[in-house]
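> okay, structure incoming, though there's no sequence with it:
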DNA sequence: GTCTTCCATAACCATATGGCTATCTATCGG
DNA sequence: CCGATAGATAGCCATATGGTTATGGAAGAC
């Protein structure tokens, strides 16, 4: 679970990888060639990034002949949203405690 | 804007840093010494991580005598939540388009 | 069958990253 | 004033990371 989160955060830490993922979210399924055309890095670099995104569950690939079609799996972002929510809630809870304390002191 | 996002994702990519941030969210303000005691790495390492978190806006520090008190700023997570939401919405939009297309084809 | 094309993998390289110890500065306690 | 403590910084090192070119292997094109 924690390792899932770790691979997620790690995968999204690189701007080139984020750009690939964003493109797939925005424009849907793409071949490696199409992604390479706009990535600004070499085709092997794109392949490596895609492999990392796939390991993190952020993309899936579909082989069709000699082409590999990749698409985004935004559902994989869920743990990230969960974590963010949890952190915010922790913070909020302490804030509420403070409110409570101040309320008691007021009496 | 994009650099903000980049420094955010980068800052959260490291597990030791995430643990520091989580601790601050959960238990509120802490001194460097207190954080070091549970971090599993040396005090200089903690200081470096805190500096990176601070640059990303995730924590703020308050100097009091010779102690530095750090606390979390969960509001800094907002760009992350925004980005996640945007990615999901992109994907959803294409899904809706598909629905729409299928609907038309149905007629 | 032969030549391309598409993508993954291999091998390599430069730099970034995260850790350490040592040290410096500032503050506190005596 | 002097020693001790808190934390930041400096300097160093090993490894991780992201990039490249070269190559391999499978599927189309001819």
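Okay, I see it. Since the structure is predicted, the reported quantities are computational estimates derived from the model, not experimental observations.
> quick one: the strands in chain A?
Assigned by DSSP state E, the strands in chain A fall at A:30-31, A:59-64, A:67-72.
> parallel or antiparallel, list what pairs with the last one.
Looking back up the chat, that one is strand A:67-72. Sheet pairing for strand A:67-72, assigned by DSSP bridges, gives strand A:30-31 (antiparallel), strand A:59-64 (antiparallel).
> close to DNA strand C, is that strand?
Yes. Interface with DNA strand C: strand A:67-72 contributes A:67-68 (Cβ under 7 Å from any atom of the strand). C-beta: built from backbone N, CA, C; applies to glycine.
> so for that strand, what gets flagged as buried?
A:68, A:70-72 (16 or more other Cβ atoms under 10 Å in any protein chain shown).
> if we can go back for a sec, can I get the strands of chain A in TSV with distance to residue B:60 and mean pLDDT?
Listed next are the strands of chain A as TSV, based on distance: least, Cβ to Cβ, whole Å; pLDDT from 0 to 100:
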stretch	distance to residue B:60	mean pLDDT
strand A:30-31	41	98
strand A:59-64	36	97
strand A:67-72	35	98
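> looking at these, spot the one closest to residue A:13.
Between residue A:13 and the strands of chain A, the tightest spacing by Cβ to Cβ is seen for strand A:59-64, at 15.8 Å.
> measure how far the closest one is from the centre of its chain, please.
On the basis of Cα atoms, centre = their mean, to the nearest Å, strand A:59-64 sits 18 Å off its chain's mean C-alpha point.
> neighbours around residue A:3, how many?
Neighbour count for residue A:3, taken as other Cβ atoms under 10 Å in any protein chain shown: 8.
> and it, how far is that from residue A:94?
Between residue A:3 and residue A:94 the computed distance is 28 Å (Cβ to Cβ, to the nearest Å).
> just to revisit the earlier point, quick one: which of the strands paired with strand A:67-72 is nearest DNA strand C?
Minimum separation from DNA strand C across the strands paired with strand A:67-72 (Cβ to the nearest atom of the strand) falls at strand A:30-31, 3.3 Å.
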